[in-house]
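1. Following is a predicted model, sequence given first.
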Amino acid sequence: MDGDTRIRGGNERLYQVVARRIARMIEEKSGDPDWRMPSERELAEELEVSRPVVREAVIALEMRGIVEVKGRTGITVLPVRGSQIQFDKIGADAGPGPFELLEARLAVEASAAAMAAERATSYDLAFLEDCIARMEHEAQALLLNEKGDRDFHLAIARMTGNAIIVSMVETLWVQRDQSLMWKKLHEHIHAPTVRPLWIGDHHAVLTALRLRNPEAAYKAMARHIRNVMSELMEADERGRLITGG
């Protein structure tokens, strides 16, 4: 995204570097009563990185109790126990960032949808329709726990008939499910608001597959994943919070 190198200094991820820089900024400004925490847009400009990387860095700091992100109030600095922020813990690898995972899904799953458009059977299409029906009935499920959604995407991978693609998509979803950063970021999403949009995206993918149109399938899947990126990026600015969260 925006030319960012997501891995720096061996295995270190860019969001880890940025998280430490933000933490140092907080520590340096702790004695200034007039200082306020910059917005994510301001941080991205000042640190010369993309907003998705800043968002990942802020989530990493939130997980460590250094900041809190809540609705329209933006980023709030929390009281830090001890005289100094523990920078070594900030540098601990929390795995791939959510937007890094979505970038990988965009690259793999959009291409898989294009292949699936040429190879899907009537049974495959009926199964995808059933997945969407299950998504529509999972109104009380958190976005992280929708089985219909997961089954839909994995089914498209299997429709390619390519075992390597299936393995790649399965691995990406396992990493998503195991990512603490992904779970933390989703706390800021208001599920009833975004669910209709994302279900509509799945209908568009299915329509393209029914038409046996690889280009349309590619575009529909890419649009869906970009919509997910956009919602994860903008949720806090719109003041959305999970009910009861």
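-> Ah, there it is. Numbers count the residues shown, from 1 in each chain.

2. Let me see the domain layout of the chain.
-> If you go by automatic domain parsing, the domain ranges for the chain are 7-90, 98-234.

3. how about the strands in the protein?
-> Residue ranges of the strands in the chain, as given by DSSP state E, are 7-8, 12-13, 67-69, 75-77.

4. Nearest approach to residue 194 belongs to which of those strands?
-> Closest approach to residue 194 among these (C-beta to C-beta): strand 67-69, 17.3 Å. Every residue, glycine included, has its C-beta placed from N, CA and C.

5. one step back: mind putting the strands of the chain in TSV, distance to residue 23 included?
-> Converted to TSV, the strands of the chain look like this (distance: least, C-beta to C-beta, whole Å):
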stretch	distance to residue 23
strand 7-8	17
strand 12-13	15
strand 67-69	9
strand 75-77	10
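
6. hang on, the earlier thing: weakest of the domains of the chain by average pLDDT?
-> The stretch with the lowest average pLDDT out of the domains of the chain is domain 7-90, scoring a mean of 81.

7. Tell me how far that one lies from the chain's centre.
-> Remark: domain 7-90 is offset 18 Å from the chain centroid, using C-alpha atoms, centre = their mean, to the nearest Å.

8. looking at it, residue 102 is touching residue 229, isn't it?
-> Yes. Between residue 102 and residue 229 there is a contact under C-beta atoms under 8 Å: 5.2 Å.

9. Please tabulate the domains of the chain in JSON lines, including the columns mean neighbour count.
-> As requested, those are exported to JSON lines (neighbours: other C-beta atoms under 10 Å):
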{"stretch": "domain 7-90", "mean neighbour count": "17"}
{"stretch": "domain 98-234", "mean neighbour count": "18"}
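
10. what ranges do the helices span in this protein?
-> Assigned helices in the chain, in chain order: 14-28, 40-47, 51-63, 87-90, 98-119, 122-137, 147-159, 163-178, 180-186, 191-210, 214-234 (criterion: DSSP state H).

11. now for the first one, which elements pack on it?
-> Other helices and strands packing on helix 14-28, by 3 or more C-beta pairs under 8 Å, 6 or more residues apart in numbering; DSSP states H and E, are strand 7-8, helix 40-47, helix 51-63, helix 87-90.

12. which ones are touching the residue sitting nearest the centre point of the chain?
-> If you average the C-alpha coordinates of the chain and look for the closest C-alpha using C-alpha atoms, centre = their mean, you land on residue 98, 3.9 Å from that point. Going by C-beta atoms under 8 Å, 6 or more residues apart in numbering, residue 98 touches 55, 56, 59, 179, 181, 182, 185, 232.

13. what's the most distant pair in those residues?
-> Of all pairs drawn from those, the one with the longest distance (C-beta to C-beta) is 55 and 179, at 13.9 Å.

14. closest one to residue 175 among the strands of the chain?
-> Shortest separation from residue 175 across these is recorded for strand 12-13, at 13.2 Å, computed as C-beta to C-beta.

15. Each with direction, which strands does the closest one pair with?
-> Each strand pairing with strand 12-13, determined using DSSP bridges, is listed with its direction: strand 7-8 (antiparallel).

16. Please tabulate the contacts of residue 98 in JSON lines, including the columns distance to residue 221.
-> Putting the contacts of residue 98 into JSON lines (distance: C-beta to C-beta, whole Å) gives the following:
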{"residue": "55", "distance to residue 221": "23"}
{"residue": "56", "distance to residue 221": "23"}
{"residue": "59", "distance to residue 221": "25"}
{"residue": "179", "distance to residue 221": "21"}
{"residue": "181", "distance to residue 221": "23"}
{"residue": "182", "distance to residue 221": "19"}
{"residue": "185", "distance to residue 221": "21"}
{"residue": "232", "distance to residue 221": "17"}
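
17. related to what we said a few turns ago, with respect to residue 79, which of the helices of the chain lies nearest?
-> Closest of the helices of the chain to residue 79 is helix 14-28, at 11.3 Å (criterion: C-beta to C-beta).
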